[in-house]
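# let me see the structure of the following:
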Amino acid sequence: FEADQGSNVDPPGEAWEEMIVNQVLKPAKFETLDVTGFSQKALNLEFSEAIRGDIALIGFGYMLIISYACLALGQPGDRVHSKYFLTLMGVLTVGLAIVVAFGLSAAFGQFYGPVHSVLPFLLLGIGIDDVFIIVNAFLNTYRQVPKKSMDIPRRVGKALAQAGVSITITSFTDFMAFIIGATTVLPALSSFCVYAAIGILAIFGLTCTFFVAWLTIDARRAEDNRPDLCCCRGPAETSHDENMFSSTCCGIQSGFMRRFLRDKYAPFILRKPVKIVVVCVFIGLFAFGIFGATQIKQSFSFENFIPADSYMQEYFAEDERFFQAGTGVQIVTEKFDYYAKQEDLSQLYNGLLASPLLEDIVDSWYESYRSWVFAEPQFSSYRTQGLNNATKRVTNSTLFFQTVQTFLADNGRDGGARFRSDVVFAADKTSIVAARMRATYPQSVVDNSRLQVDAMQDLREEVRRASSLPSFPYTPSFLFWEQYAVIARELLQNVLIAMAAVGVVMFVFVSNPQAAVLVSVCIIATIVDLFGAMYVWGVNIDAVACVQVVLAVGIAVDYSAHTIHAMQLQQGTRDERVVKALTDVGLSVLNGAISTGLAVLVLSGSKSFVFIVFFKV
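Below you'll find the model as predicted:
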């Protein structure tokens, strides 16, 4: 025990375990035999190795987002209008929000698990999207009003009047989606949603204050013709006034992209034949998504969290090949007088033997003890007093507990040494605190997640009916089987409630039922299509995938909400408003999608199961 840190430690034991991993499990090759093995220490080391191996990959993903943002927000070749500094302030804004989210969540007692490692990617993507929207709205003011006709504070106010409403809608819809997800009974999903909800609010608050302040400062620097990143120097010798507040997308000037969206893309998709094709593709993907949602399986396996090239994968393969014989289950009894309840112990044993859910062998310390105590010569003198030959019961309390201890200490063939860990005595050795019997689920149950849930729940009911003793079944596998019992219901419930909340928030902010319904339809279609993609990718429903789907609900709001809000601000016919909306926010939405997509694409090379699922979903 390490007193100064308040944790249990065993340095010799940990050193021995690490030696076994390094000298026995890892080499795995000897002159006369091959060894594959498993230990908890080896599992922990492989988890850590997978995470360390992804650190460089994660860093590269962050740098990719930052680099693209620098490219998209300004003119890389222009010393004055490159906007490198403004981009760094946008990234710093998101970084501060991440610190706030992690700090407050930890202060609120929320735990941090493996699935939380995708949070910085999520928050960075959402934060950079908000930066694109605000900067784009600010640049639009220069296209709408000449430079000398409006000062910078008014331009910032005009930009926030448009972009502020847009990011308010997306931030609060994201917040509602995650805060509803936090009400789930799944601890990993609940904790993740708390972290994400706090992060969303922090990004919103800091973007509207901290980042906007730096946007104003950067605009003043640019109008004074001072170089970017070196604003303390005097005015630059040259400046490109015609591109003063321009930006790029994939290295292409925003003027060109705006003209492309306005003159080429928008008129193309508004043609009637193209509309028909788009609707048909939409319906086709939606139908396939429904099919995929009905085919997705519930599954969880430790092997998923171990890199594919790990030596431990060979162990799991050999174990599945040669040693699949079901999984053990313990029936724990506690908090009663074991001497007085001997018949009840036998009833429980017989009930387990008759259970169709279990193999036909039940290992009971008490039944083995009964056979032993009546066969043991040293207790023959008690046959007339203390032992009942007819019922095969011990009828003296003191003798019962003494003989149980003797039985557990017997290392003979029929002795009870193998049950020592199954019976726990009180400190004074005059009573039993708890005990357990052992049984086995057949392999047919282990291989089917639906049967696992039924077997777990039915065995609990059978144990309850078999005896009045305080007892319950337990196996470590129940930790995973429990999620199968609730995860499908929880996932569907949280997604539906989150989508309903998004619709309500959209209606409140936009005050247009058609717009709220349209955004809700887009989100529903996105999530259904996502299930179809998960089926194609082979992604099963587990706690990790559940987190990613709820995360997808929040992300799916942003692009449709930005577009629909921009359309509400326009005048003219329906088609004219679509063209104007795409012209105003199309570039920002495209930049946000590309920056997030590039970072997620990097994760395709990850060895971590969490990041691989994040990439696929």
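# just the helices from the stretch 451-600 of the chain, written as ranges.
478-510, 513-537, 543-568, 574-602 (DSSP state H, counting those that start in this stretch).
# which positions in the shortest one come out as buried?
This points to helix 513-537. With burial defined by 16 or more other C-beta atoms under 10 Å, the residues of helix 513-537 counted as buried are 515-516, 518-520, 522-532, 534-535. C-beta here means a position set from N, CA and C on the backbone, and glycine is covered the same way.
# and if you look at the third one?
Judged by neighbour count using 16+ other C-beta under 10 Å, the buried positions of helix 543-568 are 543-568.
# tell me what angle that helix forms with helix 513-537.
Going by axes from the mean of the first three to the mean of the last three C-alpha atoms, to 10 degrees, helix 543-568 is angled at 150 degrees with respect to helix 513-537.
# so how far is helix 543-568 from its chain's centroid?
Centroid separation between helix 543-568 and its chain, computed with C-alpha atoms, centre = their mean, to the nearest Å, is 16 Å.
# begin at 12 from here
In the new numbering, first residue 12, that becomes helix 554-579.
# who does it touch, helix- and strand-wise?
In terms of contacts (3 or more C-beta pairs under 8 Å, 6 or more residues apart in numbering; DSSP states H and E), helix 554-579 is packed against helix 130-155, helix 163-192, helix 198-217, helix 489-521, helix 524-548, helix 585-613, helix 620-627.
# what's the fourth one packed up against?
By that I understand helix 489-521. helix 163-192, helix 460-477, helix 524-548, helix 554-579.
# rebuild those as JSON lines, extending it with mean pLDDT and distance to Pro487.
As requested, these are exported to JSON lines (pLDDT from 0 to 100; distance: least, C-beta to C-beta, whole Å):
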{"stretch": "helix 163-192", "mean pLDDT": "83", "distance to Pro487": "27"}
{"stretch": "helix 460-477", "mean pLDDT": "80", "distance to Pro487": "12"}
{"stretch": "helix 524-548", "mean pLDDT": "84", "distance to Pro487": "27"}
{"stretch": "helix 554-579", "mean pLDDT": "77", "distance to Pro487": "16"}
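# in a markdown table: these, plus distance to Met323.
Formatted as a markdown table, the helices and strands packed on helix 489-521 follow (distance: least, C-beta to C-beta, whole Å):
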| stretch | distance to Met323 |
| --- | --- |
| helix 163-192 | 33 |
| helix 460-477 | 23 |
| helix 524-548 | 24 |
| helix 554-579 | 19 |
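# so which of those helices comes closest to Leu296?
helix 524-548 (5.0 Å; C-beta to C-beta).
# could I get the helices of the stretch 462-611 of the chain as a markdown table with distance to Val205?
Below are the helices of the stretch 462-611 of the chain laid out as a markdown table (distance: least, C-beta to C-beta, whole Å):
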| stretch | distance to Val205 |
| --- | --- |
| helix 489-521 | 13 |
| helix 524-548 | 21 |
| helix 554-579 | 12 |
| helix 585-613 | 22 |
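# out of the ones you listed, which is closest to Met448?
Closest of the helices of the stretch 462-611 of the chain to Met448 is helix 489-521, at 16.0 Å (criterion: C-beta to C-beta).
# list the buried residues for the closest one?
So, applying 16+ other C-beta under 10 Å, buried residues of helix 489-521: 489, 491-496, 498-499, 501-502, 505-506, 508-510, 512-514, 516-518, 520-521.
# counting neighbours, what do you get for Ser50?
If you count neighbours by other C-beta atoms under 10 Å, Ser50 ends up with 16.
# look up how far Gly124 lies from it.
Going from Ser50 to Gly124 by C-beta to C-beta, to the nearest Å gives 22 Å.
# with Ala351 instead?
According to C-beta to C-beta, Ala351 and Gly124 sit 45 Å apart.
# the two: who's more crowded?
Between Ala351 and Gly124, counting by other C-beta under 10 Å, Gly124 is the more crowded of the two (15 against 10).
# ok, the nearest residue in space to that one that is not next to it in sequence - contacts?
Of all residues not flanking Gly124 in the chain, Ala199 sits nearest, at 5.5 Å (C-beta to C-beta, 6 or more residues apart in numbering). Contacts for Ala199 (C-beta atoms under 8 Å, 6 or more residues apart in numbering) come out as 124, 126, 554-555, 558.
# give me the residues contacting the helix or strand hosting Val285.
In this structure, Val285 sits in helix 283-306 according to DSSP states H and E. Identification of contacts with helix 283-306 by C-beta under 8 Å, 6+ apart yields 279-280, 536, 539-547.
# adding distance to Tyr79, write these out as TSV.
Formatted as TSV, the contacts of helix 283-306 follow (distance: C-beta to C-beta, whole Å):
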residue	distance to Tyr79
Phe279	26
Ile280	25
Ala536	27
Val539	30
Asp540	25
Leu541	24
Phe542	29
Gly543	29
Ala544	24
Met545	27
Tyr546	31
Val547	28
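# among these, which one sits closest to Arg431?
Here the nearest of the contacts of helix 283-306 to Arg431, counting by C-beta to C-beta, is Met545; it sits at 47.4 Å.
# ok, now how distant is the closest one from His92?
Taking C-beta to C-beta, one finds Met545 at 43 Å from His92.
# and Gly48, by the same measure?
Using C-beta to C-beta, we find Gly48 at a distance of 61 Å from His92.
# settle it for me: which of the two has more neighbours?
A count of neighbours by other C-beta under 10 Å puts His92 above the other of Gly48 and His92, at 25 against 16.
# surely the more buried one is in contact with Asp239?
Yes. At 7.2 Å, His92 counts as touching Asp239 under the criterion of C-beta atoms under 8 Å.
# before we move on, the earlier item: average pLDDT for the helix holding Val285?
The predicted model gives helix 283-306 an average pLDDT of 90.
# C-terminal to that helix, what's the next element?
With elements assigned by DSSP H and E, the helix or strand that comes after helix 283-306 is helix 323-333.
# so what secondary structure elements neighbour that following helix?
Against helix 323-333 (3+ C-beta pairs under 8 Å, 6+ apart) you get helix 51-84.
# tell me which strands and helices the helix it packs on is in contact with?
helix 22-31, helix 95-118, helix 130-155, strand 259-260, helix 323-333, helix 585-613, helix 620-627.
# one more pass at 6 Å, please.
helix 95-118, helix 130-155, strand 259-260, helix 585-613 (3 or more C-beta pairs under 6 Å, 6 or more residues apart in numbering; DSSP states H and E).
# between the ones you listed, which gets nearest to Gly337?
Gly337 lies closest, by C-beta to C-beta, to one member of these: helix 130-155, at 38.3 Å.
# and that closest one, what's buried?
Buried-residue list, helix 130-155, by 16+ other C-beta under 10 Å: 130-152.
# same thing with stretch 175-186?
Those would be 175, 177-186, for stretch 175-186 by 16+ other C-beta under 10 Å.
# can you redo the residues you listed as CSV with distance to Phe333?
Below are the buried residues of stretch 175-186 laid out as CSV (distance: C-beta to C-beta, whole Å):
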residue, distance to Phe333
Gly175, 64
Ser177, 60
Ile178, 58
Thr179, 60
Ile180, 58
Thr181, 54
Ser182, 54
Phe183, 56
Thr184, 52
Asp185, 49
Phe186, 51
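# and of those residues, the nearest to Asn33?
Set against Asn33, the nearest of those by C-beta to C-beta is Asp185 (45.7 Å).
# leaving out chain neighbours, which residue sits closest to that closest one?
Gly565 is the one closest to Asp185 (C-beta to C-beta, 6+ apart), at 4.2 Å.
# hmm, who's touching the top strand by length along the chain?
For the chain, the strand that runs over the most residues, judged by DSSP state E, is strand 443-452. Identification of contacts with strand 443-452 by C-beta atoms under 6 Å, 6 or more residues apart in numbering yields 337-345, 349, 363, 369-370, 373-375, 433-437, 466.
# is it possible to mark the buried ones in those residues?
By neighbour count, with 16+ other C-beta under 10 Å, those hold 337-338, 340, 342, 344, 349, 363, 369-370, 373-375, 433-434, 436, 466 as buried.
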